[in-house]
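Undergrad: take this sequence and fold it.
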Amino acid sequence: MAEEVTIYTDGACSGNPGPGGYGVVLMSGRHRKELSEGFRLTTNNRMELLAAIIGLEALKRDGTTVTLYTDSQYLVNAVNNGWLFNWEMKRFAKKKNPDLWIRFLEAYRRHKVTLKWVKGHNNDPENERCDMLAVAASRSPVLSEDEGYSPDADARGLL
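TA: Here you go, the predicted structure:
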């Protein structure tokens, strides 16, 4: 029987760009895992994308059936409306965050993923938990470097 996993994700950023973080909750049967990390300088959309990537990359078996909930319309619309696959065919020309979109596609294609949008800050317990994890991570005294983020490229509209 194929394994089924539910993933909730959220990204946070104080300022955009600014310090940011992601929060992820993975659930399967009686198992639950929470992941988070903070970054010194990043954007909200990068953290939303990275949360989904980290959640998918955390899965141990390829071919897992996944329902991924996110409050990021950026992510949900890019996948569910097919934009992402057109961007890929055009090698992400003039699109922001190509490094993360490429990484997302690699993780996404290893599984059977359904993306669902959930309204943020609307009392969904798992979305609220992810938000708390992301915000706490963004305020950590030790923050990682978002090596794919470049303020110069962002200013030119490339990230």
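
Undergrad: give me the below-cutoff pLDDT ranges for the protein.
TA: The model of the chain has pLDDT under 70 over residues 1-2, 153-159.

Undergrad: that one: strands as residue ranges?
TA: With DSSP state E as the criterion, the chain has strands at 4-13, 18-28, 31-42, 65-70, 112-117.

Undergrad: what about the second one, distance to the chain center?
TA: Relative to its chain's centre, strand 18-28 lies at 8 Å (Cα atoms, centre = their mean, to the nearest Å).

Undergrad: now the angle from it to strand 31-42?
TA: Here strand 18-28 runs at an angle of 170 degrees relative to strand 31-42 (axes from the mean of the first three to the mean of the last three Cα atoms, to 10 degrees).

Undergrad: may I have strand 18-28 exported as PDB, CA atoms only?
TA: Output of strand 18-28 as PDB, limited to C-alpha atoms (Å, rounded to 0.1, in the frame of the first residue of the first chain):
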ATOM      1  CA  GLY A  18      14.700  40.700   5.700                       C
ATOM      2  CA  PRO A  19      15.300  37.900   8.300                       C
ATOM      3  CA  GLY A  20      13.000  34.900   7.400                       C
ATOM      4  CA  GLY A  21      12.200  31.400   8.200                       C
ATOM      5  CA  TYR A  22      10.100  28.400   7.300                       C
ATOM      6  CA  GLY A  23       8.000  26.000   9.200                       C
ATOM      7  CA  VAL A  24       6.900  22.500   8.100                       C
ATOM      8  CA  VAL A  25       4.700  19.900   9.800                       C
ATOM      9  CA  LEU A  26       4.700  16.400   8.300                       C
ATOM     10  CA  MET A  27       2.000  13.800   9.400                       C
ATOM     11  CA  SER A  28       1.500  10.200   8.500                       C
END
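
Undergrad: give the buried residues for it.
TA: Using 16 or more other Cβ atoms under 10 Å as the test for burial, strand 18-28 gives Pro19, Gly20, Gly21, Tyr22, Gly23, Val24, Val25, Leu26, Met27. All C-beta spots, glycine's among them, are computed from the backbone N, C-alpha and C.

Undergrad: relative to Lys116, how far out is the closest residue to the last one other than its chain neighbours?
TA: Spelled out, it's Met27. Nearest non-adjacent residue to Met27, counting by Cβ to Cβ, 6 or more residues apart in numbering: Thr6, 4.7 Å away. Note on Thr6: its distance to Lys116, by Cβ to Cβ, to the nearest Å, is 10 Å.
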